[in-house]
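Participant: Take a look and give me a structure for this.
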Amino acid sequence: MSLHDELTAVQHCLDDLARTVGRLERSLAQLRTAEAGPQPPGAAGGTDPADGAVTVTDVITITEAPYDATLWTDSDDEGLGVRGRHAP
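Facilitator: Alright, predicted model coming up:
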């Protein structure tokens, strides 16, 4: 196979890849639209969290009780290793 033939084959593969990615992007966009469902009236002009508006759906109460130390046994401190062990 000559270099020209190989380059042509690679170009065909890249074209096929580009078409496949395009189809996947369209399918994903349709899937996201279908999952979002119909919007309630007035939602089209509403604020979006991406616009800087903060929306609160649930209130989470944080108790003043101390954390249970057993929750942290065998946990790693990121970058520091396991508690109680010393770095080499």
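Participant: Low-confidence ranges, this protein, go.
Facilitator: 37-56, 74-88 (pLDDT under 70).
Participant: those helices in it, which residues are they?
Facilitator: Along the chain, the stretches classed as helices by DSSP state H are 3-36.
Participant: tell me, how many neighbours does Met1 end up with?
Facilitator: 7 (other C-beta atoms under 10 Å). Where you see a C-beta, it was placed from the backbone N, CA and C, and this is true even at glycine.
Participant: who's in contact with it?
Facilitator: Ala9 (C-beta atoms under 8 Å, 6 or more residues apart in numbering).
Participant: Would you check how far apart it and Gln11 are?
Facilitator: 14 Å (C-beta to C-beta, to the nearest Å).
Participant: ditto for Ala34
Facilitator: For Ala34 relative to Gln11 (C-beta to C-beta), the value is 35 Å.
Participant: Could you do Glu35 as well?
Facilitator: For Glu35, the distance to Gln11 - C-beta to C-beta - is 36 Å.
Participant: And these two? Which one has more around it.
Facilitator: Remark: of Glu35 and Gln11, Gln11 carries more neighbours, 10 against 7, as counted by other C-beta under 10 Å.
Participant: Against Ala36, how distant is that one?
Facilitator: Applying C-beta to C-beta to Gln11 and Ala36 gives a distance of 38 Å.
Participant: next one: Asp58
Facilitator: Remark: distance between Asp58 and Ala36 (C-beta to C-beta) = 20 Å.
Participant: More neighbours: which of the two?
Facilitator: Ala36 (8 against 4).
Participant: what about the more buried one, distance to Ile60?
Facilitator: In terms of C-beta to C-beta, Ala36 sits 25 Å off from Ile60.
Participant: try Ser2
Facilitator: For Ser2, the distance to Ile60 - C-beta to C-beta - is 67 Å.
Participant: Appreciated, that's everything.
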